[in-house]
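Q: This is a predicted model, with the sequence first.
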Amino acid sequence: QVQLAESGGGLVQAGGSLRLSCAASGRTFSNIVMGWFRQAPGKEQEFVAAISRLGRNTYYAASVKGRFAISRDNAKNTVYLQMNSLKPEDTAVYYCTADEIVKISTRPRDWGKGTLVTVSS
């Protein structure tokens, strides 16, 4: 099992930017596919982005493509989510996830506790 700890959430105005970080431990980081999911108030959890083990392939939800960028630093065991042009509808708890393969429509195996992002209009 992978332990995940998110940071970087907060309050931002619409149009602003935030960068989330997620530190992983418990397994060899370069062997893990990393991702981000989110859950808005009153809604189900949804896929946001994922990145392959060596960072060569990235995947995005249509709602964030072109605005968000996922990246990873395998030397630091950390994955990032750069969020630009934020909208009020991006308000959610953002969860870092880990698994052996990319999970988009199914639930990844390991989850962090989440970090809250609030975008004000």
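A: Sure thing, it's come through.
Q: In space, what's closest to the residue nearest to the spatial centre of the chain - neighbours in sequence excluded?
A: Most central in the chain under Cα atoms, centre = their mean is residue 36, positioned 2.5 Å from the mean C-alpha point. Setting aside the residues directly before and after it, residue 36 is nearest to residue 48 in space (Cβ to Cβ, 6 or more residues apart in numbering), at 4.2 Å. Where C-beta positions appear, they are placed from N, C-alpha and C, glycine not excepted.
Q: Would you verify that that neighbour is located in a strand?
A: Yes - counting by DSSP: H, G, I helix; E, B strand; the rest coil, residue 48 is located in a strand.
Q: so it touches residue 34, yeah?
A: No - counting by Cβ atoms under 8 Å, residue 48 sits too far from residue 34 to count as a contact (11.5 Å).
Q: sorry, back to before: what does whatever helix or strand the residue nearest to the centre of the chain lives in contact?
A: Counting by DSSP states H and E, the element that carries residue 36 is strand 33-39. Strand 33-39 is contacted by residues 20, 22, 24, 45-53, 59, 70, 72, 79, 81, 90, 92-103, 108, 111, 114, 117 when judged by Cβ atoms under 8 Å, 6 or more residues apart in numbering.
Q: hmm, which of these are the buried ones?
A: 20, 22, 24, 45, 47-51, 53, 59, 70, 72, 79, 81, 90, 92-99, 102-103, 108, 111, 114, 117 (16 or more other Cβ atoms under 10 Å).
Q: Among those residues, name the ones in helices.
A: Among these, none falls in helices (DSSP state H).
Q: Residue 97 versus residue 42, what's the distance?
A: 21 Å (Cβ to Cβ, to the nearest Å).
Q: Please disregard the earlier target; I meant residue 61.
A: 13 Å.
Q: Residue 81 touches residue 67, doesn't it?
A: No - assessed by Cβ under 8 Å, residue 81 is found out of contact with residue 67, at 10.8 Å.
Q: Find me the pLDDT at residue 90, would you?
A: According to the prediction, residue 90 has pLDDT 98.
Q: what's the burial count for the closest residue in space to it that isn't next to it in sequence?
A: Take residue 90 and drop its neighbours on the chain: the residue closest to it by Cβ to Cβ, 6+ apart is residue 119, 5.1 Å away. Residue 119: 19 surrounding residues under other Cβ atoms under 10 Å.
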